[in-house]
Each structure stands twice: as C-alpha cells, then as structure tokens.
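Q: give me coordinates for this.
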Amino acid sequence: MSYELPTLTDEHATLIGWCMKKVEPRLRQADQIHVECRLEIPGITWGTSDKVLLTGNHITLIDYKFGKWIVDDPKENMQAKAYTLGAFHKFPEATTAEFIFLTPRHELEQSAMFERGEAMGWTDELKAIVARAEDDSSPYRPDSENCLFCGTKARCPELQKRAMAIAEDYDGLLLPESAKTTALTDPTQLQRALDVASIMERWAKNVRNAALELRLEGVEIPGYDLKQTAGNRKIKDVVSAWSALKEIVPQEEFLEACSITIGTLEKKLKEQAPRGQKQEFAKSTLEVLDGLGLIERGRDKTYLTKQR
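A: Here you go, the predicted structure:
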C-alpha cells in the first residue's frame, strides 16, 4: 500500500522546522530513537507516541500538537501520564522520564520530569478513567473542554440533545422527538441531523467572526487572544527569478522547484492556439502530456451535498 505525502505549504514547513530545531539536539544524544512508538499499560490501555528517545536510563517522550489549541501541562495531562507510564513498562531499565509537548503554532514547549515510582502510582487512576469511559452507564458531560478532542461527538446523545435544543430555537427549525436519538443510522434522522449541523456551523462561524471583530477593536475576551500566522510565500515572476538564480541553481533543479496548475497551463496553451481552435488545442496538448505520464491526479474527494 503506497502513501502519498501531502505537499507542504510554507506554513507547514515553518511549523515542522520549529519542531526539528527543538528535537534535533536530543536526537543527537539519544542511544535509541523510536518513532510512532506503541506504549502499553498492560491490561488497561495503549497509545502511540510520536517520538520516544532512550538515553542511558532516561526516557524522553515527544508529542507534537499541530492544532490551534494548547493542551494541559504534562504534569496535569492524562495523555502525558498514560504515555509516560507505558514507556516505563516498555523500558524497564529506565528510572526517569521527561514528557514534552511541542505546539509550534504557539511556539510553545511544555515539559515535565517524572520518576518511575511516581508514574507507577498512576496505574489505579488511569484504570478507573478507562473503566468509566468504557462503561455505557457512565454519565455524559459535554462542555467546551470535554468535547474539544473527543472523537465521538457525532454519536454523543447528550451533545445531540443540546444541539437539537439550540437548533429548535434557531432559524425556525423544528425537529421531531424521533430525531433526538443516539444512533444516527436512520436516513430520515440523518437528513434532519445534517440540517441541524448546517445551521450550527453557520451559527458557529458567525460567533467566531463577531468575536474576532470585537477582539480586533480591543475588546478582551477571557481565555482567547489574537494569533497571526504568516501567509504563504510564492515567486511572483518565475522568469525574473530564473534570471537572478541561473548562475547559482542548475536549470533542471530550478524547474523541479517550480509548479504549475493545469488551469494555468491550459490558459497559456489557449493563448498560443490558432484562432478558433483554442479549446481543442489545449485539450489535445494536455492529453499528450497525460499520455506521457506527466500529469498527476490528486485523490478524489467524496462529500455530501444538499439536493436542490
């Protein structure tokens, strides 16, 4: 099975570069480097750490957080505790561990040191948390923090109940009691739930836009602040860039660094086509390139759209 790596934007490259600067000194000192390392707490749970380094009797666990949110400090973070305990089980010779969260969008490094004895004392607490999560009778507690990283929001009955209550008061949408169910498998229920999702998404977008405008005007919003990311850079004039770089970069390597969209190429081909043959000329030329295997197609995307 092949995996197609996504094209990195300038923003992605900057974020990854920041992480690498933080990690590289530790990599050079490590005796062992484990990437995507499975860490298991026997009989309880397991997870996969982005990087685990072993240097003598010391473990360094590194977890990248490329999202916009800042997670709890490792000292208070249950993921960090679970991974650290799992690492002590995986490497019985280790006596100390450092857990590091790297959040490049905020240029934030959070770390905490742990002793083996301290970590082993978390076993019962973690076991109880997992048991509650797997118990169907456990109460649901939806809120902005609990739901933030939850992967089952779409199936949460309590969250659905609250969303439906909001939707019924918003935009005049009335939903029958039958839509307020846990398992969204019935096509009619799914149709109504999708209508609700569309309304909630528009509402959430309006909330974010209104909050941003107020914050830009200087209004303080507790727990939120402005963050600016650099826009993507691109060469404005490829011909001029080649003139400036041709004594430094070989032509083949320069061309490899360039990219061109099919739409742009099609436009240029039409400009060179004989009068009255623009469409056919562009189409046939692109077919020749395709036949030579020079056109790469991205993955097809499948999505739902509302019928008109």
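Q: once you drop chain neighbours, what's closest to the spatially most central residue of the chain?
A: Computing the C-alpha centroid of the chain and ranking residues by CA atoms, centre = their mean puts residue 67 first, at 5.6 Å. Spatially, and ignoring its direct neighbours in sequence, residue 67 is nearest to residue 105 (7.3 Å; CB to CB, 6 or more residues apart in numbering). (C-beta placed from N, C-alpha, C; glycine too.)
Q: how much space separates the one you found from residue 66?
A: 7 Å (CB to CB, to the nearest Å).
Q: okay, these two: which has more neighbours?
A: Set residue 105 next to residue 66 and count neighbours by other CB atoms under 10 Å: residue 105 wins out with 17 against 12.
Q: so who does the more buried one touch?
A: If you count contacts by CB atoms under 8 Å, 6 or more residues apart in numbering, residue 105 has them with 15, 66-68, 227, 229.
Q: what's the neighbour count on residue 23?
A: Neighbour count for residue 23, taken as other CB under 10 Å: 19.
Q: phi first, then psi, for it.
A: The phi/psi pair for residue 23 (degrees, to the nearest 10) reads phi -90, psi -40.
Q: same deal with residue 64?
A: Phi and psi for residue 64, reported as degrees, to the nearest 10, are phi -90, psi 140.
Q: circling back: mind checking which helix or strand the residue nearest to the centre of the chain is in?
A: If you go by DSSP states H and E, residue 67 is not part of any helix or strand.
Q: gap between the residue nearest to residue 67 and residue 136?
A: For residue 105 relative to residue 136 (CB to CB), the value is 36 Å.
Q: show me where this structure has its strands.
A: 32-41, 45-55, 58-64, 96-103, 108-115 (DSSP state E).
Q: now these as a markdown table including mean pLDDT, distance to residue 295 and mean neighbour count?
A: Output for the strands of the chain, formatted as a markdown table (pLDDT from 0 to 100; distance: least, CB to CB, whole Å; neighbours: other CB atoms under 10 Å):
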| stretch | mean pLDDT | distance to residue 295 | mean neighbour count |
| --- | --- | --- | --- |
| strand 32-41 | 94 | 33 | 15 |
| strand 45-55 | 95 | 35 | 18 |
| strand 58-64 | 97 | 34 | 22 |
| strand 96-103 | 96 | 38 | 22 |
| strand 108-115 | 95 | 41 | 16 |
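Q: in CSV: those, plus distance to residue 131.
A: Shown next, in CSV, are these (distance: least, CB to CB, whole Å):
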stretch, distance to residue 131
strand 32-41, 13
strand 45-55, 10
strand 58-64, 24
strand 96-103, 24
strand 108-115, 23
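Q: relative to residue 266, which of these is closest?
A: Judged by CB to CB, the one of the strands of the chain that comes nearest to residue 266 is strand 58-64, at 38.8 Å.
Q: angle of the closest one against strand 32-41?
A: Counting by axes from the mean of the first three to the mean of the last three CA atoms, to 10 degrees, strand 58-64 lies at 80 degrees to strand 32-41.
Q: from the contact counts, what lies against strand 58-64?
A: Judged by 3 or more CB pairs under 8 Å, 6 or more residues apart in numbering; DSSP states H and E, strand 58-64 is in contact with helix 10-29, strand 45-55, helix 78-90, strand 96-103.
Q: the closest residue in space to residue 245 that isn't next to it in sequence: how many residues sit nearby?
A: Leaving aside its sequence neighbours, residue 245 sits nearest to residue 254 (CB to CB, 6+ apart; 6.3 Å). Counted with other CB under 10 Å, the neighbours of residue 254 add up to 15.
Q: tell me the pLDDT of residue 150.
A: For residue 150, the pLDDT comes out at 74.
Q: ok, now residue 173?
A: We have a pLDDT of 50 for residue 173.
Q: just residue 187 next, same as before
A: We have a pLDDT of 79 for residue 187.
Q: circling back to that earlier point, find the pair from the contacts of residue 105 with maximum spatial separation.
A: Taking CB to CB, no two of these sit farther apart than 66 and 227, at 13.9 Å.
Q: quick revisit: now do the residue nearest to residue 67 against residue 276, distance only.
A: Between residue 105 and residue 276 the computed distance is 52 Å (CB to CB).
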